[in-house]
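> Here's my sequence, what's the structure:
(one chain, ligands or ions: 1)
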Amino acid sequence: MRSGRLAVSSLLLVVLSLVVATPVLAADEVVVYSARHYGQEPAFDAFTKQTGIAVRVLTGDAGALFERLKAEGDRSPADVLLTVDAGNLWNAARAGLLSPATSAMLSANVPAHLRDPENRWVGLTMRARTIMYNPKKVTPAELSTYEALGDPKWKGRLCLRSSSYIYNQSLVATFIKRHGPARTEEILKGWVANQPTIINGDTKILEAIAAGQCDVGITNTYYLARMLAKDPDVPVRPFFANQQTTGTHVNVSGAGVTAHARNRAAAIRFLEYLSSVEAQQMFANVSMEYPVNPKAETHPIVRGWGTFRQDDINVAAAGELQADATRLSDRAGYK
Ligand SMILES: [Fe+2]
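Have a look, this model is predicted:
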């Protein structure tokens, strides 16, 4: 290091001055880099009230926070990375940005398929990505599986988000895990043959279904719950796909302790609190996602849809097969 300092460049001087300028953080604070944009504040506030540990949040989109953590390296002030989609969590873990945090409480509160087998991240809320339909135009009896949306009867009636969006990359990745690449390509080709309208936004897809622009689509459930909370007459309902076969695709938003966390113990305590029934209830009530902790209850609107069988393969598959999902989608012509 000493000889390196003799040859210090102006760029390195800038970096060093940033290190010096970084304030020493109090141990009673958890710094969270968060790509979640909804429904977390009440749980964070309750954690601070209960423990005296302050929560400082820096929000940004998942990609930007990932790059920031990577660039900051061991100078990062972040203790926790909180983001949506297991694919993003998996990518962060693979890049070495997260560190394993074993906790009996997390293992007890969060089902095994919704957390990293190596304990580098844990799901904190669950979402089902399933078929949505307009009940004025479609009866549930006409619906069955994701694959069946490739039936010619849906030609010109299907709205999908683009294949490049992570929610769909993860969905396709779990298809590959379940059905293998050849069958997955057939499924996607079936959708493409029905000339789907590509709409970039889950809420926009639901609005298009309500407006009669399409009759069926695939979105996350909480977006519909929020629309129905504002207007119960919106003509869109969820259909839980693949109940007789593989189960409905689920994903998580979740978090992990960063590789260079300064307040590691507080960070683990924070994640443990977020998995507790009390915090899970807040997530469920505010963001209208499914709690990961089965002891917490879903929001009344969500409960009204009934229970469903989840695809219980580990959500880590979303990351493991993400590149394959992108390649297959391209090959099938799914934009
Ligand atoms: Fe979302």
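> And the residue nearest the centre of the chain, its phi and psi?
Nearest to the geometric centre of the chain sits residue 85, at 2.2 Å (C-alpha atoms, centre = their mean). The phi and psi values for residue 85, taken as degrees, to the nearest 10, are phi 80, psi 130.
> Need the per-residue pLDDT for it.
Residue 85 carries a pLDDT score of 95 in this model.
> show me what contacts it?
Each residue near residue 85 by C-beta atoms under 8 Å, 6 or more residues apart in numbering is listed here: 62, 166, 167, 170, 251, 252, 253, 318. (C-beta placed from N, C-alpha, C; glycine too.)
> how about a cut-off of 10 Å?
Neighbour list for residue 85: 35, 62, 91, 127, 165-167, 169-170, 251-254, 315, 318-319, 322 [criterion: C-beta atoms under 10 Å, 6 or more residues apart in numbering].
> Also residue 234?
134, 206, 207, 209, 210, 224, 227, 228.
> ok, 6 Å please
By C-beta atoms under 6 Å, 6 or more residues apart in numbering, the contact list for residue 234 reads 210, 227, 228.
> Now do the SS call for it.
coil (DSSP: H, G, I helix; E, B strand; the rest coil).
> thinking again about what came up before, ok, the residue nearest to the centre of the chain to residue 73 distance?
Residue 85 sits 24 Å away from residue 73 when distances are taken as C-beta to C-beta, to the nearest Å.
> quick revisit: disregarding flanking residues, what is the spatial nearest neighbour of the residue nearest to the centre of the chain?
residue 166 (4.8 Å; C-beta to C-beta, 6 or more residues apart in numbering).
> Check residue 74 too.
Among residues not flanking residue 74 along the chain, residue 260 sits closest, at 4.5 Å (C-beta to C-beta, 6+ apart).
> Can you check the pLDDT for the one you found?
Listed pLDDT for residue 260 reads 97.
> tally of neighbours for it?
17 (other C-beta atoms under 10 Å).
> measure it to residue 96 for me?
10 Å.
> For this protein, give the strand that spans the most residues.
Scanning the chain for the longest strand, with DSSP state E as the assignment, gives strand 122-133.
> May I have the strands that pair with whatever helix or strand comes next after that strand, each with its orientation?
Downstream of strand 122-133, the first helix or strand assigned by DSSP states H and E is strand 158-160. Counting by DSSP bridges, the strands paired with strand 158-160 are strand 197-198 (parallel), strand 216-220 (parallel).
> Name the residues that touch the helix or strand just after strand 158-160?
Using DSSP H and E, the helix or strand that follows strand 158-160 in sequence is helix 166-179. The contact list for helix 166-179, computed with C-beta under 6 Å, 6+ apart, reads 85, 87, 129, 161, 184, 246, 249, 251, 313, 317-318, 321-322, 324-325, 329.
> switch the cut-off to 7 Å
Helix 166-179 has contacts (C-beta atoms under 7 Å, 6 or more residues apart in numbering) with 85-88, 129, 161-163, 184, 187, 220, 246, 249, 251, 311, 313, 317-318, 321-322, 324-326, 328-329.
> what angle separates that helix from strand 122-133?
Going by axes from the mean of the first three to the mean of the last three C-alpha atoms, to 10 degrees, helix 166-179 is angled at 90 degrees with respect to strand 122-133.
> what does the average pLDDT come to for helix 166-179?
Helix 166-179 comes out with an average pLDDT of 96.
> In that helix, which residues are buried?
166-179 (16 or more other C-beta atoms under 10 Å).
> would you list those residues in TSV and tack on distance to residue 241?
Shown next, in TSV, are the buried residues of helix 166-179 (distance: C-beta to C-beta, whole Å):
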residue	distance to residue 241
166	19
167	14
168	14
169	17
170	15
171	10
172	14
173	16
174	12
175	11
176	16
177	16
178	12
179	13
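> Against which helices or strands is whichever strand or helix holds residue 273 packed?
Element membership for residue 273, per DSSP H and E: helix 264-274. If contacts are counted by 3 or more C-beta pairs under 7 Å, 6 or more residues apart in numbering; DSSP states H and E, helix 264-274 sits against strand 29-34, helix 41-51, helix 104-109, strand 250-258.
> to the chain's geometric centre, what's the distance from it?
Centroid displacement of helix 264-274 relative to its chain, using C-alpha atoms, centre = their mean, to the nearest Å, is 20 Å.
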